[in-house]
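Student: Could you look at this predicted model? Sequence included:
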Amino acid sequence: MIKKISDFNLDNKKVLIRCDFNVPIKEGKITDDNRIKESLDTINYALDNGAKVILFSHLGRVKSEEDKEKLSLRVVADKLSFYLNTKVGFISETRGNKVEEAISNMKKRDVVLIENTRFEDLNNKAESKNDEMLGKYWASLGDIFINDAFGTAHRSHASNVGIASNLEDVGVGFLVEKELVNFEKVLTDPDKPISLILGGAKVSDKIGVIENLVHKVDNILIGGGMAYTFLKAKGYEIGNSILEEDYIEFCKEMLVKYPDKIKLPIDNILAKSIDDDLGFYSTIDANKEDMMGVDIGDETVKNFLEILNNSNTILWNGPLGIFEHSSFSKGTKEVLRGIVNEDKTIIVGGGDTAAAVISLGFKDAVTHISTGGGASLELLEGKELPGIKVLDK
Ligand code: AMP
């Protein structure tokens, strides 16, 4: 059984919380602080319950000493102080006297943030390779460990798996709990019919998801760049559209085995190149050899919405076109618009899909937007996440 933060008596305990503060930073400024905001419920709960709160997170990839300045978590500590309305002590080291002293001086309801856990990667990748001594050391700094970083739950690192393996009292924070509850419900006991929407660039990234879910879902609607390998497998002209030759056979096999379940675009928007923003409408059977498919067309949107409107649960991973270009975001937008006002469970996973839903203005209209791209894909593939499994004591 995996415990939740609310299962523990936190009073006067040193509570280590692994957060996901991997925020985008430009010229020393945080450009999107959503991840910080999303961590507040768990941190506030720990503080309200009298804990001494010790926060860990990674930020970017640290490959050299020079990376350290731009990947310091100091800016996050400032932002957190603002949102928590209390001073967050920043510890500019990841181990040693400075860390130990700061923690031993903590009082109830104090909060500190330890420097970027990936600074330890300069030390033989100690964080990313889950160095045994490092996990043990970090665990020795606290009494209870709470994992609230879903985005790294599919990785076995010292700051999640390492710490959790060395403490008895471990559990999840509110953010991870919400992710697990939502995915578990749709993967084990969905309100049927259930449809899966897959898009994005590559078939190869989604093979595991297709194989795991094809027996569980009623429909798989495929758009985006990945649709073109399927269309090629059906014999259509796809011009310069994105193609993964090595996966044509897989697509053929799926189309033969599940002809009624897999739905492909029947029309699309073509462009001369990925950087062009002038689109031309074409039905799939009239595609041109010198153009590429960049969005699904209106008839496909209509077809997809007919199926989706008859579904009670919708799982979505991958945009249906190059949504970053406003001229090619229509398909993704129209499908979203067509499903959000209905009384449905809609779970959106994957970094780009989440970005599409948020940037197109539908954040509050879906049931759940997953904060973890890789982790949510692995859950859809039916895999166990090491950062979660280790919490099951
Ligand atoms: P993924 O990370 O696999 O979900 O892929 C997301 C990316 O797929 C986004 O950056 C989209 O711009 C891209 N994408 C969506 N549709 C297409 C398309 N038809 N051709 C090329 N790239 C696409």
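Tutor: Thanks, I have the structure now. Numbering: from 1, shown residues only.
Student: now do the same end-to-end measure for stretch 86-99.
Tutor: In stretch 86-99, first residue to last residue: 20 Å (C-alpha to C-alpha, to the nearest Å).
Student: Please name the residues that touch whichever residue of the stretch 1-150 of the chain sits closest to the ligand.
Tutor: Proximity of the stretch 1-150 of the chain to the ligand (C-beta to the nearest ligand atom) peaks at Pro24, 15.6 Å away. Where C-beta positions appear, they are placed from N, C-alpha and C, glycine not excepted. With contact set as C-beta atoms under 8 Å, 6 or more residues apart in numbering, Pro24 has these partners: 30-32.
Student: Of those residues, just the buried ones, PyMOL syntax please.
Tutor: Buried residues among the contacts of Pro24 (16 or more other C-beta atoms under 10 Å), as a PyMOL selection:
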select buried, resi 30
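Student: Does Leu270 belong to a helix, a strand or coil?
Tutor: strand (DSSP: H, G, I helix; E, B strand; the rest coil).
Student: hey, which helix or strand in the protein has the poorest pLDDT?
Tutor: Within the chain, no helix or strand scores below helix 351-359, which has a mean of 82 by mean pLDDT, DSSP states H and E.
Student: and it, how far from the chain's centre?
Tutor: Here helix 351-359 is found 10 Å from its chain centre; the criterion is C-alpha atoms, centre = their mean, to the nearest Å.
Student: need the residues of the stretch 101-250 of the chain near the ligand, please.
Tutor: Residues of the stretch 101-250 of the chain lying close to the ligand (C-beta under 6 Å from any ligand atom) are 199-202, 205, 224-225, 242.
Student: Give the residue spans of the stretch 201-350 of the chain that score low on pLDDT.
Tutor: When residues are selected by pLDDT under 70, none of them lie in the stretch 201-350 of the chain.
Student: And the closest residue in space to Leu360 that isn't next to it in sequence, how close does it get to Lys288?
Tutor: Distances taken as C-beta to C-beta, 6 or more residues apart in numbering put Lys333 closest to Leu360, at 5.1 Å, once the chain neighbours are dropped. Shown here: Lys333 relative to Lys288, a distance of 25 Å by C-beta to C-beta, to the nearest Å.
Student: can you put the residues of the stretch 101-250 of the chain next to the ligand in JSON lines and add neighbour count, secondary structure and distance to Thr371?
Tutor: Converted to JSON lines, these look like this (neighbours: other C-beta atoms under 10 Å; DSSP: H, G, I helix; E, B strand; the rest coil; distance: C-beta to C-beta, whole Å):
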{"residue": "Gly199", "neighbour count": "27", "secondary structure": "coil", "distance to Thr371": "19"}
{"residue": "Gly200", "neighbour count": "20", "secondary structure": "coil", "distance to Thr371": "17"}
{"residue": "Ala201", "neighbour count": "16", "secondary structure": "coil", "distance to Thr371": "21"}
{"residue": "Lys202", "neighbour count": "15", "secondary structure": "coil", "distance to Thr371": "22"}
{"residue": "Asp205", "neighbour count": "18", "secondary structure": "coil", "distance to Thr371": "18"}
{"residue": "Gly224", "neighbour count": "31", "secondary structure": "coil", "distance to Thr371": "21"}
{"residue": "Gly225", "neighbour count": "24", "secondary structure": "coil", "distance to Thr371": "24"}
{"residue": "Ile242", "neighbour count": "19", "secondary structure": "coil", "distance to Thr371": "27"}
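Student: Quick check: of the residues you listed, which lies closest to Asn9?
Tutor: Ranked by distance to Asn9 (C-beta to C-beta), these are led by Asp205 at 42.9 Å.
Student: show me the residues around the closest one that make contact.
Tutor: By C-beta under 8 Å, 6+ apart, the contact list for Asp205 reads 226, 377.
Student: want to throw the residues of the stretch 101-250 of the chain next to the ligand into a markdown table with distance to Lys68?
Tutor: Formatted as a markdown table, those follow (distance: C-beta to C-beta, whole Å):
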| residue | distance to Lys68 |
| --- | --- |
| Gly199 | 37 |
| Gly200 | 33 |
| Ala201 | 32 |
| Lys202 | 33 |
| Asp205 | 31 |
| Gly224 | 37 |
| Gly225 | 36 |
| Ile242 | 37 |
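Student: Surely Ile314 is within a helix?
Tutor: No: per three-state DSSP, Ile314 lies outside any helix segment and is strand.
Student: For the residue nearest to Leu360, identify the helix or strand it belongs to.
Tutor: In this structure, Lys333 sits in helix 330-340 according to DSSP states H and E.
Student: Was I right to think Leu305 contacts Val335?
Tutor: Yes: with contacts counted by C-beta atoms under 8 Å, Leu305 reaches Val335, the gap being 6.6 Å.
Student: more crowded one of those two?
Tutor: The residue with more neighbours, out of Leu305 and Val335, is Val335; 24 against 17, by other C-beta atoms under 10 Å.
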